[in-house]
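> With the sequence up front, the predicted model follows.
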Amino acid sequence: MAMILWGLVASAVADNAPESQATSTMADRQLDEVTVTANRRQESNQRVPVGIAAVSADTAKKVGVTDAQSLAAVVPGLLFNRQANTSIPFLRGVGTPVGQSGDEPSVAMYIDGVYVPAGSASMASFTSLDHVEVEKGPQGTLFGRNATGGVVQVFTRDPTAEAQLEVRAGYGEFDTWSADVYASGALTNQLLANVSAYWSNQSEGWGRNVTTGVPTFRSREYGTRVKFLWNESERTNALLTLDFDKTLAQQGVGFMAFPGTGSLNPLPPFPNGGIPPAPGYYDPNENFNSEGDVRQYGASLKITHDFDWARLVSISAYRDTRNDYVLDEDAGPLPIVNVELATPETTFTQELQLISQSDSNFSWIAGVFYFDDRAGFDPIHFTGAAFAPLPFVNSYGILTTESYAIFAQATATIFSDTHLTAGARYTWDERTVRAGAAFGNDTVVPAPNSPQSESWSSPSWRLVLDHSFSPEMMAYLGYSRGFKSGLFNPVVFPGDPIDEPVDPETLDAYTIGLKSEYLQRKLRVNVEAFYYDYNNIQVTQILSAVSRITNAAKASIKGVDLDITAVPVDGLTLTAAIEAIEGKYDSFPNGTFFVYDPAVGGNCTFAVAPPPAPVPCSGVLPPNYNAGTGTWDLKGNHTIQTPPFSLSLLAQYEFPTSVGRFDLNFAWTHTGNYYASADNGKGQIAPSSQQSDKQQVIDLLDASLGWTASDSGLELRLWAKNLTNVQYWSYADEISFATFYSPAPPRTYGVTMTKRFD
């Protein structure tokens, strides 16, 4: 489909229709210029040789982009799964599968230029949003060691000298009330400030726990952000940002066995094995409601000074995040394994940038970056029959990280309208982990090999050649490398030693792209093809109740992105974003392979066991199994979280009337057909199915209708999300206890009212 659309556009341009004929079917209004900061400076997206998706605050409001998870609906190839009380990004098949504390996501998150390493921090809703950018592919030169898959940048509104006040209130399905306020203005001639605050409470659940009878999948959140902008002079300013957020939710932590399967039952089995799930898609049968509580606050200070020849930027930031959540790990009504996790994380970052002036013919940036982080589990509190007769067992694991980096990038004109961009970064990492356990009392016994330390250093780079055929058309060819830092696993099963550290993973990306505009900037077409050579992939999988991290795989990922935006008639904007991608493991020796156990439910884990050692899982052998060595290889399997075809279509129509301006918005998202686990569900024998591990094709339809009064600053908006009530999961996995999922939101709808005061 991408090639068909591209062919139609190319044919239309090649026809060289007269200007009068071309404009007769198009609106007088042009497409707005999109400004991005992929090179840490403001530039037109059409002049930056990188695949970028940008979402404005206005578009976000109209199509319901309120947080990271909903952002994925308008950016094909981007997934933000709610998992273990974190929001885990995958971009073009690259990501970190389990968002445990200390294991930073492979798609980096930046908020107002500040790196946010904790996966749980991205649970927060967007407040005072200005715009969002998604830079695709490795961004290791300018954004660092954990930007292997790309970067998501969230920008909030800066203070303005003009007084502004906005108040919004809303009500939606599941008895959901919400409110937010934004105010901005000048405190003195040199000091500006703004403040935003929001609150939301969903008191009714999507379903009901059949064991306890209480509602499930409820949520509540609130937060605030304050900014002070001091303009000391025309050359110097300082921006201080303070923020706080608290999110309580059950999505991504309420686990249910897939229909037709059962969770592990150590007692005499049910007729079909195990403990069957509840019949309702949103109705768990846990012995309590799994839920999570994320509390975070932070402060950042950005100081900018303009010299005659360059701009100096200093960004200092501190963030404290605490993610507490409780899980019924066995996903059943019996108290076999219940887990409470406390995962505090504190982060300090300091970055210095020296940037050439915007009017320079030779543009460049150089800088240094420092990162200090303390994260882990303090503690993991295990209770249940599996640990009897002990009343509890606690596992402690704290990972500390110090990282330093230097970087530089420059763009030079080498021929007329031809530019070469070259950049490099060198990073030094040092990590230390301390672990121990307490067995039913307050005495902590250190792990046998605690503490453990390791250091790594690695370069990353970028090389891009671009040529402008005209002011409206630019083609580019690029090669870049990104890497994800090595680390220790802070999850240590009580009594076990600390695992060996995993080494950094690397991704070499090769891209070719075209950015173009036609019909006097009424049609914009951007396309990028990419090939990824993905090595030493860090794989996290859950065995019993404990996650393990290994370097186990090599993969290749290839695909194409196509983005088309047009204004065919006055007031109507159409946007189509398409991605086709294929990702497969080239090598994955002895990758975790689960076989469903129809006798007692749950899964047994295939283990390397050469004859005559017994094979613990019968009936199914892993792919490429070698009977002589008892080993196998998952090569040829699809990479996880890699939708083969994704499509986002947006239609936004505005029209004035005598009673005010109306806007009508539709968003259609098509995705799915990707796997949750690297074994691709091949061990899911009857009554389970390989489809249990696979997100089926999803077609989501969102819509909104807004009315804005002509002169009173009043706005009303009716909105609906997932209009056809598609059932799909936000997180799924195979573990010993179950092949399970946690559901994504059902259909929701509501109304919001906004009042603006000048």
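Arrived safely, thanks for sending. Residues are numbered from 1 along each chain as shown.

> Return the distance of residue 211 relative to residue 283.
10 Å (C-beta to C-beta, to the nearest Å). (Each C-beta comes from the backbone N, C-alpha and C, glycine too.)

> Apologies, that question was intended for residue 247.
For residue 247, the distance to residue 283 - C-beta to C-beta - is 23 Å.

> So for those two, which sits in the more crowded spot?
residue 247 (24 against 20; other C-beta atoms under 10 Å).

> and the helix or strand containing that one, what does it pack onto?
Here residue 247 sits within strand 236-249, counting by DSSP states H and E. Contact here means 3 or more C-beta pairs under 8 Å, 6 or more residues apart in numbering; DSSP states H and E; on that basis strand 236-249 packs against strand 219-231, strand 291-306.

> quick one: the last one to strand 219-231, angle?
Regarding strand 291-306 and strand 219-231, their directions subtend 10 degrees when assessed with axes from the mean of the first three to the mean of the last three C-alpha atoms, to 10 degrees.

> Could I get the buried residue list for strand 291-306?
291-298, 300, 302-304, 306 (16 or more other C-beta atoms under 10 Å).

> now, among these, which is nearest to residue 591?
Comparing the buried residues of strand 291-306 against residue 591 with C-beta to C-beta places residue 292 closest, at 28.6 Å.

> Contact partners for the closest one?
Going by C-beta atoms under 8 Å, 6 or more residues apart in numbering, residue 292 touches 84-85, 120, 247-250, 252-253, 323-326.

> Check residue 64 too.
Neighbours of residue 64 in contact, by C-beta under 8 Å, 6+ apart: 70, 73, 667, 702, 704, 719, 721.

> do the same with residue 507
Residues counted as contacts of residue 507 (C-beta under 8 Å, 6+ apart) are 94, 138, 148, 149, 481, 482, 483, 532, 533, 534, 535.

> per-residue confidence at the residue nearest to residue 523 when sequence neighbours are not counted?
Excluding its sequence neighbours, the residue lying closest to residue 523 (C-beta to C-beta, 6 or more residues apart in numbering) is residue 566, at 4.7 Å. Model confidence at residue 566, given as pLDDT, is 97.

> again with residue 12
pLDDT at residue 12 comes out at 38.

> Could you do residue 606 as well?
pLDDT, read off for residue 606, is 86.

> can I assume it is in contact with residue 617?
Yes. Judged on C-beta atoms under 8 Å, residue 606 makes contact with residue 617 at a distance of 4.8 Å.

> Between the two, which contacts overlap?
With C-beta under 8 Å, 6+ apart as the test, residue 606 and residue 617 both reach 593, 595, 683.

> Show me those that map onto strands.
Of the positions in these, residue 595 sit in strands, assigned by DSSP state E.

> returning to that earlier point: quick one: which of residue 606 and residue 617 has more around it?
Set residue 606 next to residue 617 and count neighbours by other C-beta under 10 Å: residue 606 wins out with 23 against 20.

> who's in contact with that one?
592, 593, 594, 595, 615, 616, 617, 622, 632, 683.

> Residue 103 now?
Residue 103 neighbours (C-beta under 8 Å, 6+ apart): 96, 119, 487, 489, 538, 540, 549.

> How is it assigned, secondary-structure-wise?
Classification of residue 103 using DSSP: H, G, I helix; E, B strand; the rest coil returns coil.

> what's the answer for residue 72, then?
helix.

> pLDDT at it, what is it?
88.

> Quick check: it touching residue 88?
No. Checked against C-beta under 8 Å, the pair residue 72 and residue 88 is beyond contact range at 10.9 Å.

> Now the common contact residues for these two.
With contacts defined as C-beta under 8 Å, 6+ apart, the residues shared by residue 72 and residue 88 are residue 80.

> follow-up on the earlier one: the residue nearest to residue 523 against residue 522, yeah?
Yes. Judged on C-beta under 8 Å, residue 566 makes contact with residue 522 at a distance of 6.4 Å.

> And stretch 593-611, end to end?
18 Å (C-alpha to C-alpha, to the nearest Å).

> which parts of that stretch are buried?
Under 16+ other C-beta under 10 Å, the buried positions of stretch 593-611 are 593-598, 600-606.

> Out of those residues, which is nearest to residue 105?
Nearest member of those to residue 105, counting by C-beta to C-beta, is residue 594, at 24.3 Å.

> Okay, the closest one and residue 48: tell me how far apart.
Residue 594 is 43 Å from residue 48, by C-beta to C-beta.

> swap in residue 393?
From residue 393 to residue 48 the distance is 52 Å (C-beta to C-beta).

> Turn the helices and strands packed on strand 236-249 into TSV, including mean pLDDT and distance to residue 756.
What follows is the helices and strands packed on strand 236-249, written out as TSV (pLDDT from 0 to 100; distance: least, C-beta to C-beta, whole Å):
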stretch	mean pLDDT	distance to residue 756
strand 219-231	97	19
strand 291-306	96	28
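
> Among those, which comes closest to residue 205?
strand 219-231 (9.2 Å).

> Relative to the closest one, what are the paired strands and their orientations?
Sheet pairing of strand 219-231 (DSSP bridges) gives strand 191-202 (antiparallel), strand 236-249 (antiparallel).

> what residues does the helix or strand that the first one is followed by touch?
Reading on from strand 191-202 to the C-terminus, the next helix or strand found by DSSP H and E is strand 207-208. Counting contacts by C-beta under 8 Å, 6+ apart, the residues outside strand 207-208 that touch it are 214, 215, 216, 217, 280, 281, 282, 283, 284, 743.

> Quick one: mean pLDDT for strand 207-208?
Averaged across strand 207-208, pLDDT comes to 94.

> So which elements touch the following helix or strand past it?
As assigned by DSSP H and E, the chain's next helix or strand after strand 207-208 is strand 215-216. Other helices and strands packing on strand 215-216, by 3+ C-beta pairs under 8 Å, 6+ apart, are strand 207-208.

> Give the pairing partners of the strand it packs on; include direction for each.
strand 215-216 (antiparallel).

> Could you check the pLDDT of the residue nearest to residue 286 when sequence neighbours are not counted?
The shortest distance from residue 286 to any non-neighbouring residue, by C-beta to C-beta, 6+ apart, is to residue 328 (3.7 Å). In this model, residue 328 is scored at 86, pLDDT.

> How many residues are close by residue 328?
28.

> What pairs with the host helix or strand of residue 651, parallel or antiparallel?
Residue 651 is part of strand 645-657, with elements assigned from DSSP H and E. As defined by DSSP bridges, the strand partners of strand 645-657 come to strand 572-587 (antiparallel), strand 660-671 (antiparallel).

> that older thread, buried among the contacts of residue 103? Need that as a selection in PyMOL.
To isolate the buried ones among these in PyMOL, judged by 16+ other C-beta under 10 Å, type:
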select buried, resi 96+119+487+489+538+540+549
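
> Chain neighbours aside, what residue packs nearest to the residue at minimal distance from the centre of the chain?
What sits nearest the mean C-alpha location of the chain, by C-alpha atoms, centre = their mean, is residue 89, with 2.4 Å. Using C-beta to C-beta, 6+ apart and skipping the chain neighbours, the partner closest in space to residue 89 is residue 107 (3.8 Å).

> Please report the distance of the one you found from residue 322.
23 Å.

> These two: who's more crowded?
Per other C-beta under 10 Å, whichever of residue 107 and residue 322 has more neighbours is residue 107, with 28 against 19.

> next structured bit after the worst-scoring helix or strand of the chain on mean pLDDT?
The helix or strand of the chain with the poorest confidence is helix 19-24; it has a mean of 36 (mean pLDDT, DSSP states H and E). Using DSSP H and E, the next helix or strand after helix 19-24 towards the C-terminus is strand 35-36.

> what residues are up against residue 586?
554, 555, 556, 635 are the contacts of residue 586 under C-beta under 8 Å, 6+ apart.
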